[in-house]
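# sequence plus the predicted model coming up.
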Amino acid sequence: MRPNWSLSFKIFENYINQKSWKDLSLPLWQAHRGNCIRDTDASMPMENSLEALVRAISRGAPMAEVDLRRGPLGPILAHDEPSKQQTQGGQDFRQGLQLVGAPSLREILRNNQIPETLNLELKSIPRSFSEVGYFEAEVLQLLMSCPVPRKYLISSFDPRILAAVAMLAPQFPRAFIYGRQSSRAIVDPMYFLALAQPDLFHFEEEFLKAPGNSHWMAALKKRHVPYAVWTVNEAESARKWLSLGALSVISDRDLSQLL
């Protein structure tokens, strides 16, 4: 059965119609988790690793997207499925991260061989409202104290995280991530869009392509809402989204020669 996003769309439409949108500039494509596809090439670096980011810039990626989670000693780069990508043999998450040496955000930021512009997706979801702000403050403190000049975009599926970032460091643009999985949440995060106050949206490609969802694209175009699309792995699709008004596409593939 096809999900019913009618209420979510009404909330989205009401929000974008009331907000004054800023002109934002983003590179045409972003290296998703460092632009590495290990399922087709085992020699590729681990995603969300320093090696992946160094490789991304060597292939011409002007911007990279990485996932951030809480770590034992501060924010680390790790996706939200560590059993598949960051651990071995089903070991405990924290133990596995220590075992494989997931890179710290501090280590990444101080390296001048990675893309200058970073899209940081905050993955550690607060278990309660009382936890909101602690992880975000850790991340933002590292960004503001980084000795290497960089540009940052903060993104998240969780409107509480974006609200905390808006309060703590409003100078950093914020992207609200939305896709098909949002309909499987107990409460659709779109219901709290006004809390998040995003500066742009990151829409899942398959969500925008879903039957009956063309009105989302029409609304984005009508109000000139800044947005990016993920995960776009075909050059033809990347060109299409950019021609339709997307600022950027987030891809596992090297699009430097195709855009």
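Now that the structure is in, tell me what you want to look at.

# switch to C-alpha atoms for all contacts and neighbour counts from now on
OK.

# please enumerate the strands of the stretch 101-250 of the chain.
117-122, 151-156, 174-178, 200-204, 227-230, 248-251 (DSSP state E, counting those that start in this stretch).

# any chance of those in a markdown table, with distance to Leu258 and mean neighbour count too?
A markdown table is the format used below for the strands of the stretch 101-250 of the chain (distance: least, C-alpha to C-alpha, whole Å; neighbours: other C-alpha atoms under 10 Å):
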| stretch | distance to Leu258 | mean neighbour count |
| --- | --- | --- |
| strand 117-122 | 20 | 22 |
| strand 151-156 | 24 | 20 |
| strand 174-178 | 25 | 25 |
| strand 200-204 | 21 | 22 |
| strand 227-230 | 16 | 24 |
| strand 248-251 | 12 | 26 |
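
# and of the ones you listed, who's closest to Ser8?
strand 174-178 (10.7 Å; C-alpha to C-alpha).

# nearest to Asp188, of the strands of the stretch 101-250 of the chain?
strand 174-178 (9.7 Å).

# tell me the mean pLDDT over that closest one?
The average pLDDT for strand 174-178 rounds to 98.

# for that strand, name the packing helices and strands.
Contact partners of strand 174-178 among helices and strands, from 3 or more C-alpha pairs under 8 Å, 6 or more residues apart in numbering; DSSP states H and E: strand 151-156, helix 159-168, strand 200-204.

# can you tell which of the ones you listed is closest to Asn14?
Within the helices and strands packed on strand 174-178, the stretch nearest Asn14 is strand 200-204; the backing value is 14.8 Å (C-alpha to C-alpha).

# hang on, the earlier thing: any chance of the helices and strands packed on strand 174-178 in JSON lines, plus mean pLDDT and distance to Ile76?
Output for the helices and strands packed on strand 174-178, formatted as JSON lines (pLDDT from 0 to 100; distance: least, C-alpha to C-alpha, whole Å):
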{"stretch": "strand 151-156", "mean pLDDT": "98", "distance to Ile76": "15"}
{"stretch": "helix 159-168", "mean pLDDT": "96", "distance to Ile76": "17"}
{"stretch": "strand 200-204", "mean pLDDT": "98", "distance to Ile76": "22"}
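
# let's have those in JSON lines, adding distance to Leu109.
Listed next are those as JSON lines, based on distance: least, C-alpha to C-alpha, whole Å:
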{"stretch": "strand 151-156", "distance to Leu109": "11"}
{"stretch": "helix 159-168", "distance to Leu109": "18"}
{"stretch": "strand 200-204", "distance to Leu109": "23"}
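
# circling back: mind putting the strands of the stretch 101-250 of the chain in JSON lines, distance to Gly212 included?
As requested, the strands of the stretch 101-250 of the chain are arranged in JSON lines below (distance: least, C-alpha to C-alpha, whole Å):
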{"stretch": "strand 117-122", "distance to Gly212": "28"}
{"stretch": "strand 151-156", "distance to Gly212": "25"}
{"stretch": "strand 174-178", "distance to Gly212": "16"}
{"stretch": "strand 200-204", "distance to Gly212": "15"}
{"stretch": "strand 227-230", "distance to Gly212": "18"}
{"stretch": "strand 248-251", "distance to Gly212": "22"}
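
# which one of the ones you listed lies nearest to Trp5?
Using C-alpha to C-alpha, the nearest of the strands of the stretch 101-250 of the chain to Trp5 is strand 174-178, at 11.7 Å.

# could you spell out the sheet neighbours of that closest one, each with its direction?
The pairing partners recorded for strand 174-178 under DSSP bridges are strand 151-156 (parallel), strand 200-204 (parallel).

# ok, Tyr134 - how many residues close by?
Tyr134 has 12 neighbours, counted by other C-alpha atoms under 10 Å.

# quick one: which of the strands of the stretch 101-250 of the chain is nearest His32?
Using C-alpha to C-alpha, those put strand 248-251 closest to His32, at 5.1 Å.

# which strands or helices does the closest one pack on?
For strand 248-251, the packing partners by 3+ C-alpha pairs under 8 Å, 6+ apart come out as strand 29-32, strand 227-230, helix 235-243.

# change it to 7 Å
strand 29-32, strand 227-230 (3 or more C-alpha pairs under 7 Å, 6 or more residues apart in numbering; DSSP states H and E).
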